[in-house]
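In: The following block contains a protein sequence and its predicted model.
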There are 4 protein chains.
Amino acid sequence: MDLAQLHQLLEPLFPGLMGVRLTEATPTRVTATMLVRPDLCTAGGILHGGAHMAFADTLGAVGTVLNLPPGKRTTTTDSSTKFIGGAAVNTTVSAECVALHRGRTTMVWQTSLRNEAGKLCSVVTQTQLVLD
Amino acid sequence: MDLAQLHQLLEPLFPGLMGVRLTEATPTRVTATMLVRPDLCTAGGILHGGAHMAFADTLGAVGTVLNLPPGKRTTTTDSSTKFIGGAAVNTTVSAECVALHRGRTTMVWQTSLRNEAGKLCSVVTQTQLVLD
Amino acid sequence: MDLAQLHQLLEPLFPGLMGVRLTEATPTRVTATMLVRPDLCTAGGILHGGAHMAFADTLGAVGTVLNLPPGKRTTTTDSSTKFIGGAAVNTTVSAECVALHRGRTTMVWQTSLRNEAGKLCSVVTQTQLVLD
Amino acid sequence: MDLAQLHQLLEPLFPGLMGVRLTEATPTRVTATMLVRPDLCTAGGILHGGAHMAFADTLGAVGTVLNLPPGKRTTTTDSSTKFIGGAAVNTTVSAECVALHRGRTTMVWQTSLRNEAGKLCSVVTQTQLVLD
């Protein structure tokens, strides 16, 4: 799947609601940007912690899908996040998701989310189970 | 803050976008429901993993706020999620968030998210740092 | 396997080195105690964070083994820990591990570790993958 | 503190019991090796999951201590681990711990543990709280 096909798939889903824009999607690396709209924030005008996690979860799932053998599917079994810094409303955050492990049974992806200044805001590490 | 005030606070923010409805909010327990709208889903018509996490994160933050001494604020530092089962589109999920620890420096909250049949779908454990 | 058989299995392994004493082991609940020896501590005379995690990991693995169908085996894929309080040297900590999920593909166990006063010291949630 | 001083400090504690050998310890990077002794293993002759976590936890704590301002101390508040591969008995594992964040209130460290063939076995991400 190329970026246009992925966007078409994601558009009616949660990533579409949040405005996730994929900028690269290969079997080892997925990158994206997202505008910190007011309705993605928590109190204080910073990106909601849940939006950090949902943004990252999307990238790890896309990366896994790009590695699945035919006839297989995937589900996230675990996700853990360290929050490090805030991302202000009306700025754009960017995320890079890389594979730590791509096995037959599980894959592990880690996403680093940065603000416009390039400062690390959160790190999300997730395990994807590969299912028949 | 009572439920109406909390809803007014959350409405323009990410929990409002997702349609989180608080049903109880006390210093030891926060509960809520959420309709699994199509635009909260991932492929396959089940609630997006990120929506599980964002729903739970909201409850843990509300619980912490209800315990904050005057003049203090909070931020989530860590969140870890175990995904156990899916929640189908157009059903309603419910969540219960309870305090595992309420200290002066950190609070730990755990949210269990269940589908309409009462089956456990995910468990989210988060640490909130209390800041000056 | 009964407690005596489990202890015989664990004795030459890491749980034996640490002095883990199982007190109950059923398919839904595993409990144990451990003396906080000086060589299980970190600086300051409190139980090392790694010893919290290793103690808990042992209980979740035992619980999983007691649920495995014949011919299957298990491995931990994920573990996440919240540290809440310290356990002093020369006291005894106790742990209770309960199943949050027992599926065919994965099991999720949560261990609560308490000090002699009954205060919660840490909570460890782990995912066990069931393998052929 | 140099390596000799750190080893002297750790020797009577849990890292000493496990045989952790620091090979580098700077404010941004801590490395170490550990022999996979039989009494550090789980059933099947591979390094116990708890030993992975305890090894890593030690490195993150050392890294934090090397960054603490005078009069401050630290405690681990959260640790999350992805297990990726096994490390066989009587081999040597090595770990590299790097800082993802070094703030005034929290520090985040990530440890990658590899087997003798250089294959990634586990990734541990931990949050250290800086306390007065």
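Out: In hand now; what should we look at?

In: Geometric centre of chain A: which residue is closest?
Out: The centroid of chain A falls nearest to A:A56 when counting by C-alpha atoms, centre = their mean (2.5 Å).

In: How much space separates that residue from chain C?
Out: According to C-beta to the nearest C-beta, to the nearest Å, A:A56 stands 16 Å off from chain C. All C-beta atoms are positioned from the backbone trio N, CA, C, and that covers glycine.

In: That residue contacts A:V124, correct?
Out: Yes. Counting by C-beta atoms under 8 Å, A:A56 does reach A:V124; the two are 3.6 Å apart.

In: any common contacting residues for these two?
Out: Listed contacts common to A:A56 and A:V124 are A:S79, A:T81, A:T111, A:L113; contacts here mean C-beta atoms under 8 Å, 6 or more residues apart in numbering or on different chains.

In: what sits against A:G63?
Out: A:A25, A:P27, A:T28, A:R29, A:V30, A:C97, A:A99, A:M107, A:W109 are the contacts of A:G63 under C-beta under 8 Å, 6+ apart.

In: burial of the residue lying closest to it once chain neighbours are set aside, as a residue count?
Out: Spatially, and ignoring its direct neighbours in sequence, A:G63 is nearest to A:V30 (4.6 Å; C-beta to C-beta, 6 or more residues apart in numbering or on different chains). By the criterion of other C-beta atoms under 10 Å in any protein chain shown, A:V30 has 27 neighbours.

In: Could you do A:E96 as well?
Out: That count, for A:E96 with other C-beta under 10 Å as the rule, works out to 16.

In: Tell me the pLDDT of it.
Out: Note for A:E96: predicted pLDDT of 98.

In: Name the helix or strand for it, please.
Out: Following DSSP states H and E, one finds A:E96 within strand A:92-102.

In: residues in contact with that strand?
Out: A:23, A:27-36, A:47, A:55-56, A:59-60, A:62-63, A:67, A:87, A:107-116, A:121, A:125, D:82, D:84-85, D:120, D:123.

In: returning to what we had before: I'd like to know which of the contacts of A:G63 are buried.
Out: Neighbour counting by 16 or more other C-beta atoms under 10 Å in any protein chain shown classes A:A25, A:V30, A:C97, A:A99, A:M107, A:W109 among these as buried.

In: Report the two of those separated the most.
Out: Pairwise distances among the buried ones among the contacts of A:G63 were taken by C-beta to C-beta; the largest, 14.6 Å, belongs to A:A25 and A:M107.

In: what's the spacing between A:C41 and B:A88?
Out: 29 Å (C-beta to C-beta, to the nearest Å).

In: Those two: which has the busier surroundings?
Out: Using other C-beta under 10 Å, the more surrounded residue of A:C41 and B:A88 is A:C41, with 22 against 15.

In: Next up, the contacts around that one.
Out: A:C41 neighbours (C-beta under 8 Å, 6+ apart): A:L47, A:H48, A:A51, A:V89, B:L13, B:F14.

In: what are the phi and psi angles of the fifth one?
Out: Backbone torsions of B:L13, given as degrees, to the nearest 10, read phi -110, psi -170.

In: got it, and the last one?
Out: B:F14 adopts backbone torsions of phi -60, psi -40, taken as degrees, to the nearest 10.

In: Leaving out sequence neighbours, find the closest residue to it.
Out: B:F14 sits nearest to A:H48 (C-beta to C-beta, 6+ apart), 3.7 Å away.

In: The one you found touches B:A56, doesn't it?
Out: No. Judged on C-beta under 8 Å, A:H48 makes no contact with B:A56 at a distance of 11.9 Å.

In: Near A:A54, how many other residues are there?
Out: The tally of other residues near A:A54 (other C-beta under 10 Å) stands at 30.

In: thought A:V30 was touching A:T64?
Out: No. Counting by C-beta under 8 Å, A:V30 does not reach A:T64; the two are 9.5 Å apart.

In: What helix or strand is the residue lying closest to A:N67 once chain neighbours are set aside located in?
Out: For A:N67, ignoring the flanking residues on the chain, the nearest one in space by C-beta to C-beta, 6+ apart is A:P27 at 5.1 Å. Using DSSP H and E, A:P27 sits in no helix or strand.

In: Now restrict the contacts of strand A:92-102 to buried residues only.
Out: Taking 16+ other C-beta under 10 Å as the criterion, what is buried in the contacts of strand A:92-102 is A:30-32, A:34, A:36, A:47, A:55-56, A:59-60, A:62-63, A:67, A:87, A:107-115, A:121, A:125, D:82, D:84-85, D:123.

In: can you tell me which of those residues are in helices?
Out: Assigned to helices by DSSP state H, the following of the buried ones among the contacts of strand A:92-102 qualify: A:F55, A:A56, A:L59, A:G60, A:V62, A:G63.

In: could the residues you listed go into a markdown table alongside pLDDT?
Out: Written out in a markdown table, the entries for these read as follows (pLDDT from 0 to 100):
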| residue | pLDDT |
| --- | --- |
| A:F55 | 98 |
| A:A56 | 98 |
| A:L59 | 98 |
| A:G60 | 98 |
| A:V62 | 97 |
| A:G63 | 97 |
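
In: Closest one of the residues you listed to C:V130?
Out: Looking across these and measuring by C-beta to C-beta, the closest to C:V130 is A:G60, at 22.4 Å.

In: A:V123 is in contact with the closest one, correct?
Out: No. A:G60 lies out of contact with A:V123 (C-beta under 8 Å); the separation is 12.0 Å.

In: Show me whatever sits in contact with both of these two.
Out: In contact with both A:G60 and A:V123: A:T111, using C-beta under 8 Å, 6+ apart.

In: Return the per-residue confidence for A:N90.
Out: 98.

In: Now do the SS call for it.
Out: Put simply, A:N90 is coil when judged by DSSP: H, G, I helix; E, B strand; the rest coil.

In: what's it sitting at in phi/psi?
Out: Backbone geometry at A:N90, expressed as degrees, to the nearest 10, gives phi 70, psi 10.

In: And it, how far from A:L40?
Out: Going from A:N90 to A:L40 by C-beta to C-beta gives 10 Å.

In: Compare those two and say which is more crowded by neighbours.
Out: Legend: neighbour count by other C-beta under 10 Å for A:N90 and A:L40, higher for A:L40 (26 against 10).

In: Got the phi and psi for the nearest residue to that one once chain neighbours are set aside?
Out: Nearest non-adjacent residue to A:L40, counting by C-beta to C-beta, 6+ apart: A:A51, 4.6 Å away. Here is the backbone geometry of A:A51 (degrees, to the nearest 10): phi -70, psi -40.

In: Tell me where chain A has strands.
Out: A:21-25, A:29-35, A:41-42, A:46-47, A:73-83, A:92-102, A:106-114, A:120-131 (DSSP state E).
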